[in-house]
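Asker: Kindly generate the corresponding structure for this input.
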Amino acid sequence: MPKQKSSKIFLKNGDSQKVFMWTIVGSDGSVMMGFPWETNEDLALVMDEELGDLKREDVVSQGYTGRSKISFHKSGHFKLNSRMGKTEEAIDRITIKGPSFDEITTPARLAELLLPESIPDSNYEPTERDIVIDVTNAESLPTRCTISCIRNEEFMEINFDKSRVVDTSIWEASHALENDTHTWMWTFRKSKDDTRYADKIYVTLLGSPKWGIE
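Answerer: Numbers count the residues shown, from 1 in each chain. Coordinates of the predicted model:
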């Protein structure tokens, strides 16, 4: 698998082939991903170990309109464009504390994306540096996409014919992009927990929220 600094991730279903995300590996190894179309990004739910589940009205939050971006920093701080805080004085870009890259060896799920039944069309066509995930033969369209990371040498040991990336999957279709130390995987799938499609894309970063200083 070639080591690359940037790529687009395409979802293929029969004759339909749409770019789903783009990704860039920074000079320090941090990874940025985003959607190639405009979104209305906003906070839906915060899960805090001490405070419990917080809805939008429980915190001060500011949405974002534009092309959404997720930043995965080597430190383990993962960020969205929207902003939130416990108070107006402590509002900051949404940040989740996950594992640092040095801590990631075996597969680590870092984000879960709930999907609508269709995604916007794109004028992009895949090139040799892009990856295409084919769901043509799946029994249905995917209801979600899991973004995972694993150290390169561990990735080579996984037998995807005998194991799934996520235990709750009914079916999966994965592809991966390798950088200098880690392999990033996008897994389109249908989960046993899903009964319907989302009305838009919902991004969940897996970890604990980092609150701004009050």
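Asker: For Arg56, see how far away Asp42 is.
Answerer: In this view, Asp42 and Arg56 are 7 Å apart by C-beta to C-beta, to the nearest Å. Every residue, glycine included, has its C-beta placed from N, CA and C.
Asker: Apologies, that question was intended for Met47.
Answerer: Met47 is 13 Å from Arg56, by C-beta to C-beta.
Asker: can you check Leu205 too?
Answerer: Leu205 sits 16 Å away from Arg56, taking C-beta to C-beta as the criterion.
Asker: the more surrounded of those two?
Answerer: Per other C-beta atoms under 10 Å, whichever of Leu205 and Arg56 has more neighbours is Leu205, with 20 against 14.
Asker: In terms of helices and strands, where is the closest residue to that one other than its chain neighbours?
Answerer: Leaving aside its sequence neighbours, Leu205 sits nearest to Ile96 (C-beta to C-beta, 6 or more residues apart in numbering; 4.1 Å). Assigned by DSSP states H and E, Ile96 falls within strand 92-97.
Asker: surely Leu54 meets Ala44?
Answerer: No. Shown here, Leu54 and Ala44 do not form a contact pair, counting by C-beta atoms under 8 Å, at 10.3 Å.
Asker: Neighbour count: these two, which is higher?
Answerer: For the pair Leu54 and Ala44, the greater number of neighbours falls to Leu54 (17 against 11), based on other C-beta under 10 Å.
Asker: OK, contacts around that one?
Answerer: Applying C-beta atoms under 8 Å, 6 or more residues apart in numbering to Leu54 gives the contacts 45-48.
Asker: Derive a ChimeraX selection command for the buried subset of these.
Answerer: Applying 16 or more other C-beta atoms under 10 Å to the contacts of Leu54 leaves a buried subset, and the ChimeraX line that selects it is:
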select :46
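Asker: Next step: the contacts of Leu54 restricted to strands.
Answerer: Judged by DSSP state E, the contacts of Leu54 include 45-48 as members of strands.
Asker: List just the nearest of these to Ala138.
Answerer: The nearest member of the ones in strands among the contacts of Leu54 to Ala138, counting by C-beta to C-beta, is Leu45 at 28.1 Å.
Asker: Model confidence score at that closest one, please.
Answerer: Leu45 carries a pLDDT value of 91.
Asker: Ser148 too?
Answerer: 94.
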